[in-house]
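*Asks:* Okay, predicted coordinates and the sequence, questions at the end:
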Amino acid sequence: MTTPAIDRRGLMLVLSSPSGAGKTTIARALLAGDYDLTLSVSATTRPRRPGERDGVDYLFVDRPAFERMIAEGAFLEHATVFGNLYGTPRAPVEARLAEGRDVLFDVDWQGAQQLAERARADLVSVFILPPSTVELERRLRRRAQDPEEVVARRMARAADEMSHWAEYDYVIVNDDLDRGVANLRAILRAERLRRTRRIGLGAFVKSLCEGR
């Protein structure tokens, strides 16, 4: 017998980590094949990297446009990272949650704090740690996307970012990609079943009690 469909409100799955810990790789693996999970596309003022697509990887805007969006209250969260502005547009996220679809966020601890202030009931936060600082630096260098001074800056910032681990609902140590993805899928599966998000449960239980 198939399980009856029960309406639920979508959730906001937030992933944070120091640069190089693997959250982007884990996020892509999680998104593959999951229709109910979509990636929140952040707006940013940073320059586009090779291969990045506007509107897919980021919404690339100039600083005056970004500051206008802040003034208009168009962001759920926004932050300055390495001199560039990043923010999550509010309207598309709220529309997806209302449809019962989940939204995945790749944000830092500042963004996670702001999301918690604005939408704690919808939020599930996960911090991803590297297995060691040596491995973290190796991954940053392997990406070969940033000059040496940027890699050094990211390593210097990593300790401060990791100090916020206790503010998150879950923590995953990314020592193995397959295991990290499996653990994140388990978290998402459990949070989708949380009673308070299954807004159709009341009607379903009522129909059971009435013998329907």
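*Replies:* Yep, it's here.
*Asks:* Going along the chain, name the helices of the protein.
*Replies:* Counting by DSSP state H, the chain has helices at residues 23-31, 63-71, 90-98, 109-119, 133-143, 148-162, 177-192, 201-209.
*Asks:* Nearest to Ala43 among the ones you listed would be which one?
*Replies:* helix 63-71 (6.3 Å; C-beta to C-beta). (Each C-beta comes from the backbone N, C-alpha and C, glycine too.)
*Asks:* buried stuff in the closest one?
*Replies:* Residues of helix 63-71 classed as buried: Phe66, Met69 (neighbour count, 16 or more other C-beta atoms under 10 Å).
*Asks:* Check what contacts it and list those residues.
*Replies:* Ala43, Thr44, Thr45, Val61, Phe75, His78, Leu85, Gly87, Pro89 (C-beta atoms under 8 Å, 6 or more residues apart in numbering).
*Asks:* what do you get for stretch 24-34?
*Replies:* Contacts for stretch 24-34 (C-beta under 8 Å, 6+ apart): 15, 37-39, 104, 106, 128, 172, 174, 177, 180-181, 184-185, 188.
*Asks:* Give me the nearest residue to the residue nearest to the spatial centre of the chain, chain neighbours excluded.
*Replies:* When C-alpha atoms, centre = their mean is applied to the chain, the residue found nearest the centroid is Phe105 (2.0 Å). Spatial nearest neighbour of Phe105, excluding adjacent residues (C-beta to C-beta, 6 or more residues apart in numbering): Val14 at 4.5 Å.
*Asks:* Can you tell me which helices and strands the one helix or strand in the chain whose mean pLDDT sits lowest packs against?
*Replies:* Ranking every helix and strand in the chain by mean pLDDT, DSSP states H and E puts helix 133-143 at the bottom, with a mean of 77. Other helices and strands packing on helix 133-143, by 3 or more C-beta pairs under 8 Å, 6 or more residues apart in numbering; DSSP states H and E, are helix 148-162.
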